[in-house]
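Trainee: Quick check, what structure comes out for this input:
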Amino acid sequence: DRNIPRDPLEPLLLSLSSAYRDNDDLSKRLKELFEVLDTDHSGSLSSDEFCVAVRKLNFAPPIYFSPSDFDEMTRDGEICDQQGCLSCPSFELAMRERLHRFALNRLAEYKNQRPDQAEMSQVFALKALLVSSRPTEISSRPADPFRRSPTGNSWSTVGSRRHLVVPS
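Mentor: Got it, this is the predicted structure:
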């Protein structure tokens, strides 16, 4: 029994978290993953494309990721482009946020396994590091979606979604 809800991407997150060596290696792996998931080679991932492509990854059982999971991962489209798609930098941000949350959840689970005092000290030290090192934001995203940012970016609404407009 777990009190912490599982992430549908947990098998992928576990694979990523155990494979990368450092920040640069993680960025490289996430870029490679983005390219694998970008099946139409458009340079962006739509909700449908992501949900279908992630299911085809080599995990048993397959990963089932719903459009509502995609909305949650993209902060209800906040980090998507005007078409509601993730760019490679936005995908990296979303995946780093999920990895961060995954690591915190795994530490919480470990704490409940009754480790000894020394192990608990290490767990709390790791948790403190994770809590203090949040994934970085996309630099062009304004804080208030209804105001223009100092860079001239603004938000537009397509249907019920808000999308960042970056002047060219």
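
Trainee: any low-confidence regions in this structure?
Mentor: 1-5, 111-168 (pLDDT under 70).

Trainee: Longest helix in it, by number of residues?
Mentor: helix 88-111 (DSSP state H).

Trainee: what packs against that one?
Mentor: helix 10-19, helix 23-37, helix 117-132 (3 or more CB pairs under 8 Å, 6 or more residues apart in numbering; DSSP states H and E). Glycine gets a C-beta too; all of them are placed from N, C-alpha and C.

Trainee: residues in contact with the closest residue to Thr39 other than its chain neighbours?
Mentor: Nearest non-adjacent residue to Thr39, counting by CB to CB, 6 or more residues apart in numbering: Ala53, 5.3 Å away. Counting by CB atoms under 8 Å, 6 or more residues apart in numbering, Ala53 makes contact with Val36, Leu37, Asp38, Thr39, Leu45.

Trainee: From Ala19, how far off is Ala53?
Mentor: 19 Å (CB to CB, to the nearest Å).

Trainee: Phe50: how many residues sit nearby?
Mentor: 25 (other CB atoms under 10 Å).

Trainee: my guess is it meets Cys80, correct?
Mentor: No: judged on CB atoms under 8 Å, Phe50 makes no contact with Cys80 at a distance of 10.9 Å.

Trainee: between these two, what contacts are shared?
Mentor: Leu86.

Trainee: was I right about Thr12 contacting Tyr64?
Mentor: Slight slip there: residue 12 is Leu, not Thr. No: contact criterion CB under 8 Å: Leu12 and Tyr64 do not qualify, at 11.9 Å.

Trainee: higher neighbour count, those two?
Mentor: Leu12 (20 against 10).

Trainee: residues in contact with the more buried one?
Mentor: Here Leu12 is in contact with Val54, Leu57, Phe59, Ile63 (CB under 8 Å, 6+ apart).
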